[in-house]
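**Student:** Got a predicted structure plus its sequence, pasted below:
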Amino acid sequence: MSNDTLTVTEVVNSVTVTPVNNTVTVSGVGTQGPAGATGATGATGATGAPGSSGVVSVNAPITNAGTSSAANLSVSTGTTSAVGVLQLTDSISSTSTTTAATPAAVKTAYDYADTKTPLLAIPSGYYITTPYSSYANITATLSRTNYVPIYVTKTTSFDRIAVTTAGTFVGTAVVRLGIYANDKVTGQPSTLILDAGTVSPTASSTVYQITISQSLDAGFYWLAINTQTAATTNNFIGNTASQGVYNVYMPYKPSPTSNYQTGWREESITGAFANAGTLLGLGSTPIAFLRAA
């Protein structure tokens, strides 16, 4: 037999191929071998196309926890608004809130705040009153409450409220003194803060004062003086309504030809003070003073 001859012999489930010098056995289907090792990580694929813009939801309220109500901010649960607009709440005067779609509420709160004027603190033992450009002897009208504004630059405790008789004062008077809050919207006296009681002047050119204990935060207030019993010549130190002699806190007039207004007045007031009622413009007026503790 030559070298190119193959002998094929059938074996059970096998075929034996036998060349002249070699024997090759081809078996039937065997059992599966174990899994091979994991191959190396392939190269990173290309970046996919950008997805659509998502929506960010605010589900928890954000509230100012400070003690000041001048500019409270909050984002309420479920609040929605135009893109780029923050929902603000204005709770200047109460704990209730009103939602605003713009920052106007905070701006309004800041504008109403009486704490922006750059003035010095009031030294202990010094008196403040309305800063008129000059003072004069003024006759106080019986049963009229005269209100003049003051500005407190920082939280201050006051221990005296006073009035000064003029050099022309004669007789005996009863004068009631007090402090009123300022209405930030109307610019007028509003609620009563302190009814300090009365003094009974009997001498000219003399300071009559009442001991008080009153703390005032920064802002505008009104000092009230009311003659409840008039002296024979009921004159006190005050301001005249002459042209150009004006209250720097109230640089306005009822009309272009009028004198500058110096404060507000309320007629027919007797006995204890109450919240301010019907107010009229005030020209010449006696004034009161507060002393820092």
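**Tutor:** Sure, I can see it.
**Student:** Please report the distance of A37 from A43.
**Tutor:** For A37, the distance to A43 equals 20 Å [Cβ to Cβ, to the nearest Å]. Every residue, glycine included, has its C-beta placed from N, CA and C.
**Student:** Hmm, I typed the wrong one, I wanted I193.
**Tutor:** From I193 across to A43, the span is 80 Å (Cβ to Cβ).
**Student:** Just want to know which of the two has more residues nearby.
**Tutor:** More crowded of I193 and A43, by other Cβ atoms under 10 Å: I193, with 18 against 4.
**Student:** Isn't that one up against G219?
**Tutor:** No: applying Cβ atoms under 8 Å, one finds I193 not in contact with G219, separated by 11.3 Å.
**Student:** As a check, name the ranges of all helices in this structure.
**Tutor:** Along the chain, the stretches classed as helices by DSSP state H are 104-112.
**Student:** Mind splitting the chain into its structural domains?
**Tutor:** Per automatic domain parsing, the domain ranges recorded for the chain read 1-27, 62-112, 127-292.
**Student:** could you give me the average pLDDT of the second one?
**Tutor:** Confidence over domain 62-112, taken as the mean pLDDT, stands at 51.
**Student:** Repeat that for the longest one.
**Tutor:** When pLDDT is averaged along domain 127-292, the result is 93.
**Student:** Look at that domain and report the distance between its end residues.
**Tutor:** End-to-end distance of domain 127-292 (Cα to Cα, to the nearest Å): 6 Å.
**Student:** T145: neighbour count?
**Tutor:** Look at T145: counted by other Cβ under 10 Å, it has 28 neighbours.
**Student:** Please apply the same query to D183.
**Tutor:** Other residues lying near D183 total 14 when counted by other Cβ under 10 Å.
**Student:** could you list every residue that touches the residue lying closest to T164 once chain neighbours are set aside?
**Tutor:** Leaving aside its sequence neighbours, T164 sits nearest to I237 (Cβ to Cβ, 6 or more residues apart in numbering; 4.3 Å). With contacts defined as Cβ atoms under 8 Å, 6 or more residues apart in numbering, I237 is in contact with Y135, A136, N137, I138, V163, T164, T165, A166, P286, I287.
**Student:** again, only using 6 Å
**Tutor:** Contacts of I237 were listed using Cβ atoms under 6 Å, 6 or more residues apart in numbering, and they are Y135, T164, A166.
**Student:** can you map out the strands along the stretch 101-250 of the chain?
**Tutor:** For the stretch 101-250 of the chain, the strands defined by DSSP state E, counting those that start in this stretch occupy 127-128, 136-139, 145-152, 156-164, 174-183, 188-199, 207-216, 219-229, 235-239.
**Student:** Great, nothing more from me.
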